[in-house]
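*Asks:* Sequence first, predicted coordinates after that:
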Amino acid sequence: MKKILILILLASGLSFANIKVVASTTVIYDLVREIGRDKVTVDFIARGDQDPHFVEVLPSYMLKLRNAQIFFRVGMSLELWSNQLIDGSRNNKLKVIDLSTDIDKKEVPNFKPDASYGDVHPYGNPHYWLDPENAKVMAREIYESLSSESSQDESYFKSNLDNFISRLDKKIVEWSNKMSKEKGKPFLFFHASWIYFADRYGIKIAGYVEPKPGIAPSPSHNADLVQLIKSKGIKTIVMDNFYSDSAPNQLSQLTGIRVIKVPTAVYGMKNINSYMDMIDYIINQIVQNN
Amino acid sequence: MINRLIYLFVIAFISFGGICAQSNINPDISLIGTFDTYTNFIKGSPGYGKLNFDTPQMELFVDGYLNPYARGTANISYENGQIGVEEIYANILRGLPLDMQIKAGKFLVGFGKINTIHPHAWPFLNRPLFHRVFFGDDGLNDIGVNVNFLLPTGEELFTNLELGVYKGNFIDSLHNSNYVNRGVNPVFVGRFSTFFPVGDFGNLEAGISASYGSYAKSNLIIYNIVPVQDIVPLNYFYSGLDFKYKYAPDSYTALTIEGEGLLNHRDVSRIVQIGVDRTTADKEKISNGGAFVFIDYKFEKQFSLGVKYDYTAGIVGDAPTFSTLANDDKNATQGIEGWISYYPVEETTVLQLGLQHLMFSSGDGINRDPQTTITLQFLFSLGPHKAHPF
């Protein structure tokens, strides 16, 4: 009898054990929280105020993956550091899920990309999470992975997914309304991370402060940008807040253009505690300052 | 002949990589080039105060997964006009009992932390002095097998134990021609290290290392009634301590403080006077060591600067250094090195300006002048580049 009780307790303990998840970025972390809620224990690797292209391979990150069942990543070669973490984790059972699988990818090079083009990602631009419609695709992928890991919780995850998408859809309408007056206007961006956002809201990417993706701003390129800003009447530079703002500030001094530093990850700034907070902040800053 | 074969292999490999460039199963191929110009202020040196040019150096890395469980790596180097295999090994990463990892081949051995990192990735320009004395000019690089265990120390501590057995090539390169070759006699190297976060932005790693083996055989002549030759193994035992602390509040700013030390206990044979006209060799034990510590401060995405202090027993630059120590363990070398580094485009190109000043203390009464060298290094990296480990 005792043995049966112990077995029942063990079995019930196992069935209530949370799925252990690690997300490569805080945006994915937030989406996993939304879908998994209290049936998932989730952690992240890249901090919100950190450039996700460059993350040091720390043994503590390997430990996170060692204890995880699922590792979600953006993919499209954004997290070049992630394979070293996976190898270092020695976790043979770790499921690695690339959330870009169902994304409609943009800027996929139709040429052989080499270093002369800067940091061009060979599988396309990986900054797809900045389009809220893509957050839904990511959420669905997360739901499927969690359901596959714990089929008895499938309906729970589905209910959370529906709830999240319903709230997100309302915000998408609100964001679209706010951004409607910006449609067709030219913007300058710091890094080539905004194509998905720009296409969603119909704004024009007039140029980048970086001469090529990942290449530091140069005086000659800045001089070209001064001409561009004046000729096109560009009013705003939008930049991820982990980049140095010295070149944008120089442009601001020379032309009067406004510089908006925004977080492109959850926890990238104080009070940005969710994906919706992040997009809210980005859109409010653009609307208020342009 | 061997050089020519290696050269042909490299060309063939690159050509093959080019043909199959669109295939995702190709290994990563990258090339690091280094070019040094320097001027020194070493009395008697022909290059004193002049602009000197070193022969450019090259490292060609080929690295990729062999299968779902293992990776293979080769590093072909071109140094001082010679092509050589610096590393070639396979690393079984997963699927083994106790989650151990096994590395086999020729590779940089984990005694301390800096030794396993390729010199192009060091923040400073000059190899630590005690490495040159106790490991040789190429560091502790050997042929062997290494087994690596991750110890169960909770979710905060990453604790690693590495144990390896090696052919002993690195100790052969330090061999004194007066000794008898040590023959087939493996050496052992191990390291125990632990890593843990310190606060939100800091990380600390500390490790202890050890290496044991026979580095030579002494040709002792025992004078009794008749002289008897006695070949005695001369053993060494290195113990080491290392630490690294890095504070990185954001992606582009970091302060690193790192240091290592080594204690050397080993047998030596010394000449002992046993009569008016008779000497014999006697086996003794000596203890000495070396250490370095450096600070590197990355203050912008594109700039860093730092300073390193070095101390080692022995006179750096004497050859063979290890055997010099056998007879004069009273000598020491100290060094101070400073550098400023500029990374115009991430790590694809690096310009480093460094100054090293060496001072010598001689127990043999020979006065050695201090040496100062100023080096301007240009380094470039072609092809995919892995993220740097901590």
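*Replies:* Cool, got the structure.
*Asks:* which ones are touching the closest residue in space to B:Leu108 that isn't next to it in sequence?
*Replies:* Nearest-residue entry for B:Leu108: B:Thr116, 4.8 Å, with adjacent residues in sequence omitted and distances by CB to CB, 6 or more residues apart in numbering or on different chains. (Each C-beta comes from the backbone N, C-alpha and C, glycine too.) Applying CB atoms under 8 Å, 6 or more residues apart in numbering or on different chains, one finds that B:Thr116 lies in contact with B:108-110.
*Asks:* between those residues, which is nearest A:Asn163?
*Replies:* Each of the contacts of B:Thr116 was checked against A:Asn163 using CB to CB; the closest is B:Gly110, at 50.1 Å.
*Asks:* That closest one and chain A: what is the separation?
*Replies:* If you measure B:Gly110 against chain A using CB to the nearest CB, to the nearest Å, the figure is 14 Å.
*Asks:* near chain A, which residues of the stretch 1-150 of chain B show up?
*Replies:* Residues of the stretch 1-150 of chain B lying near chain A by CB under 8 Å from any CB of the partner chain: B:21, B:71, B:93-95, B:99, B:101, B:150.
*Asks:* one more time with 7 Å, if that's ok
*Replies:* With CB under 7 Å from any CB of the partner chain as the criterion, the stretch 1-150 of chain B meets chain A at residues B:93-95, B:99, B:101, B:150.
*Asks:* Would you state the helices of the stretch 151-290 of chain A in chain order?
*Replies:* Per DSSP state H, counting those that start in this stretch, the stretch 151-290 of chain A has helices spanning A:154-179, A:195-201, A:219-232, A:246-255, A:275-289. These are given in chain order.
*Asks:* So for A:Asp119, which of those helices sits nearest?
*Replies:* Nearest to A:Asp119, of the helices of the stretch 151-290 of chain A and by CB to CB, is helix A:195-201 at 14.3 Å.
*Asks:* quick one: average pLDDT of stretch B:72-91?
*Replies:* Regarding stretch B:72-91, the rounded mean pLDDT is 95.
*Asks:* Tell me the buried residues in that stretch?
*Replies:* Neighbour-count burial for stretch B:72-91, counted by 16 or more other CB atoms under 10 Å in any protein chain shown, picks out B:72-79, B:83, B:86-87, B:89, B:91.
*Asks:* follow-up on the earlier one: among the residues of the stretch 1-150 of chain B next to chain A, which ones are buried?
*Replies:* B:93-94, B:99, B:101, B:150.
*Asks:* Please produce JSON lines containing the residues you listed, extended by secondary structure.
*Replies:* As requested, these are arranged in JSON lines below (DSSP: H, G, I helix; E, B strand; the rest coil):
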{"residue": "B:Leu93", "secondary structure": "coil"}
{"residue": "B:Arg94", "secondary structure": "coil"}
{"residue": "B:Asp99", "secondary structure": "helix"}
{"residue": "B:Gln101", "secondary structure": "strand"}
{"residue": "B:Leu150", "secondary structure": "strand"}
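*Asks:* just for the chain, where's the confidence low?
*Replies:* In the absence of a named chain, chain A is used. Across chain A, the stretches falling below the confidence threshold (pLDDT under 70) are A:1-16.
*Asks:* I was thinking of chain B, sorry if that wasn't clear
*Replies:* By pLDDT under 70, the low-scoring segments of chain B are B:1-25, B:173-179, B:220-227, B:270-273, B:276-281, B:319-329, B:364.
*Asks:* Any idea which residue is closest to the centre of it?
*Replies:* For chain B, the residue whose C-alpha lies nearest the mean C-alpha position (CA atoms, centre = their mean) is B:Gly139; its distance is 2.5 Å.
*Asks:* so is that residue in a helix, a strand, or just coil?
*Replies:* Classification of B:Gly139 into helix, strand or coil gives coil, according to three-state DSSP.
*Asks:* between the helices of the stretch 151-290 of chain A, which one is nearest to A:Thr41?
*Replies:* Proximity to A:Thr41, assessed across these by CB to CB, is greatest for helix A:154-179 (14.5 Å).
*Asks:* by how many degrees do that closest one and helix A:275-289 diverge?
*Replies:* With axes from the mean of the first three to the mean of the last three CA atoms, to 10 degrees as the criterion, the two stretches helix A:154-179 and helix A:275-289 enclose an angle of 0 degrees.
*Asks:* Can you name every helix or strand that helix A:154-179 contacts?
*Replies:* Helix A:154-179 makes packing contacts with helix A:26-36, helix A:132-149, helix A:275-289 when contacts are defined by 3 or more CB pairs under 7 Å, 6 or more residues apart in numbering or on different chains; DSSP states H and E.
*Asks:* Return the set of buried residues in the shortest one.
*Replies:* Right, helix A:26-36. Across helix A:26-36, burial judged by 16+ other CB under 10 Å covers A:26-36.
*Asks:* next one: stretch B:139-154
*Replies:* For stretch B:139-154, by 16+ other CB under 10 Å, it's B:139-144, B:146-150.
*Asks:* ok, now stretch A:230-246?
*Replies:* Within stretch A:230-246, the residues that count as buried by 16+ other CB under 10 Å are A:234-243, A:245.
*Asks:* same question, stretch A:208-227
*Replies:* By 16+ other CB under 10 Å, the buried positions in stretch A:208-227 come out as A:208-217, A:221-222, A:225.
*Asks:* filter these down to the ones close to chain B.
*Replies:* For chain B, the contacts drawn from these by CB under 7 Å from any CB are A:214-216.
*Asks:* Return the member of these nearest to B:Pro46.
*Replies:* Taking those together and measuring to B:Pro46 by CB to CB, the closest member is A:Ala216, at 40.3 Å.
*Asks:* wait, doesn't that closest one sit right on B:Phe303?
*Replies:* No - applying CB atoms under 7 Å as the test, A:Ala216 and B:Phe303 come out as separate, 11.3 Å apart.
*Asks:* Spell out, range by range, the helices that occur in the stretch 1-150 of chain A.
*Replies:* Taking DSSP H, counting those that start in this stretch as the test, the helices found in the stretch 1-150 of chain A are A:2-16, A:26-36, A:59-66, A:82-89, A:132-149.
*Asks:* nearest to B:Asp242, of these?
*Replies:* Shortest distance between B:Asp242 and those, using CB to CB, is found for helix A:59-66: 14.5 Å.
*Asks:* show me what contacts the closest residue in space to A:Ala139 that isn't next to it in sequence?
*Replies:* Of all residues beyond its chain neighbours, the one nearest A:Ala139 is A:Leu31 (5.2 Å), with distances taken as CB to CB, 6+ apart. A:Leu31 makes contacts with A:135, A:138-139, A:142, A:275, as judged by CB atoms under 7 Å, 6 or more residues apart in numbering or on different chains.
*Asks:* mind checking how far A:Leu31 is from A:His53?
*Replies:* Between A:Leu31 and A:His53 the computed distance is 20 Å (CB to CB, to the nearest Å).
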